[in-house]
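1. how does the following fold in three dimensions:
(one chain, ligands or ions: 1)
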Amino acid sequence: MDNKNTYWLKFKDYYFQSSLVDVDFLETLDDFEIRDDDVFIITYPKSGTIWMQQILSLIYFEEHRNGTENVDTIDRIPFLEYNLRKADFINRPSPRLFCSHIPYYLAPKGLKNKKAKIIYVYRNPKDVMTSYFHFSNLMVLLEAANDMEHFMKRFLDGKVIGNVWFDHIRGWYEHRHDFNILFMMYEEMKKDLRSSVLKISHFTEKELSEEDVEAIVKQSTFQNMKSDSKANYDAILTSELGKRTNQGQFLRKGTIGDWKHHLTVEQNERFDKIFQNKMKDFPLKFIWDINEE
Ligand code: PPS
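-> Now for the predicted structure:
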């Protein structure tokens, strides 16, 4: 079959993970009823989705902040198109929080009344590609790649879940006036988590005390998330999704510029050429190095 294999399923020109997605749900996505107080985290894969899930969950749920609940982040903020634990979206109490990798053109049309909120997290694409390469070799539901060269070709050709990175970010950015959307940069979150938390709480109109902000920042650092079983996806990856090896983790490096350890000089130059060509008129800036301002 042309539009489906073990790893992906093509629906309206977009690749979804085939065994996690429900096509009947995708068929109805356009009409998915949106509430004014819904919040959607939208990302290209490996751009900081679970990080934003953790931050948003901490902002919205006091019980998460003060540790009086024992709910996994994925249950607080389920994936829209990969409803792993079969959350009942329709009867879910407000405010509903979701995350998703969908491109702008598959967004439910109710999002266009601009009341429900979208937080789009983006990350420099060399680190996205590096993270994605490792994750593809870790999770059994993704097609593994022998080496970076193989993966880079697939990534640049958009033969991965999420399709072409350039199209995903450009699509959402160019259609930003159709939505109530905030763009958050992974690298800015990394460099100044506190300001990022304040930006998100302002956008979501959630008033936080100084103490709350402290608690959120503390619990959403890479190190804290890594050791927090509700936030680190270890159990999900091991028992619900499946790993190829015991070595890797969802929270791998969590840094800026790891691509430097994985791309050859030639691969890097080739990537730069394509990036410059595709993004020359694109206004959002990117940070490629941990020391860059
Ligand atoms: S997925 O599979 O698309 O949902 O993956 P996603 O969550 O978007 O991205 C995973 C990468 O985000 C990193 N991450 C973090 N970085 C810094 N700080 C925190 N708190 C954090 N939480 C998650 C995670 O480590 C993956 O990046 P890499 O580069 O592989 O480490």
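2. got the residue ranges for the helices in the protein?
-> In the chain, the helices defined using DSSP state H lie at 23-28, 49-60, 62-65, 73-76, 125-138, 148-157, 165-174, 186-191, 193-203, 210-219, 222-226, 234-235, 265-279.
3. how about those helices, which one is nearest residue 107?
-> Closest to residue 107 of those is helix 165-174 (Cβ to Cβ; 8.8 Å). All C-beta atoms are positioned from the backbone trio N, CA, C, and that covers glycine.
4. quick one: the closest one to helix 265-279, angle?
-> If you take axes from the mean of the first three to the mean of the last three Cα atoms, to 10 degrees, helix 165-174 sits at 30 degrees to helix 265-279.
5. and helix 165-174, what's its mean pLDDT?
-> Per-residue pLDDT over helix 165-174 has a mean of 98.
6. if we can go back for a sec, any chance of the helices of the chain in CSV, plus distance to residue 252 and mean neighbour count?
-> CSV is the format used below for the helices of the chain (distance: least, Cβ to Cβ, whole Å; neighbours: other Cβ atoms under 10 Å):
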stretch, distance to residue 252, mean neighbour count
helix 23-28, 29, 12
helix 49-60, 11, 24
helix 62-65, 24, 17
helix 73-76, 17, 20
helix 125-138, 6, 23
helix 148-157, 15, 17
helix 165-174, 18, 20
helix 186-191, 14, 19
helix 193-203, 18, 17
helix 210-219, 19, 16
helix 222-226, 10, 15
helix 234-235, 12, 14
helix 265-279, 20, 13
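7. looking at those helices, which has the lowest confidence?
-> Minimum mean pLDDT among the helices of the chain: helix 234-235, a mean of 90.
8. near the ligand at all, that one?
-> No - Helix 234-235 does not reach the ligand (Cβ under 6 Å from any ligand atom); its nearest approach is 12.2 Å.
9. what sits up against that helix?
-> 72, 229, 249-250 (Cβ atoms under 8 Å, 6 or more residues apart in numbering).
10. equivalent analysis for stretch 248-258, please.
-> 50, 124, 127, 130-131, 134-135, 137-138, 186-187, 190-191, 222, 225-226, 232-234, 236-237, 287-290, 292.
11. also stretch 219-233?
-> With contact meaning Cβ under 8 Å, 6+ apart, stretch 219-233 is reached by 50-51, 54-55, 58, 65, 70-74, 193, 197, 218, 235, 249-251, 254-255.
12. and it, end to end?
-> Across stretch 219-233, the terminal residues are separated by 15 Å (Cα to Cα, to the nearest Å).
13. for the ligand, what are the nearby residues on the stretch 51-200 of the chain?
-> 51, 127, 131, 134, 190.
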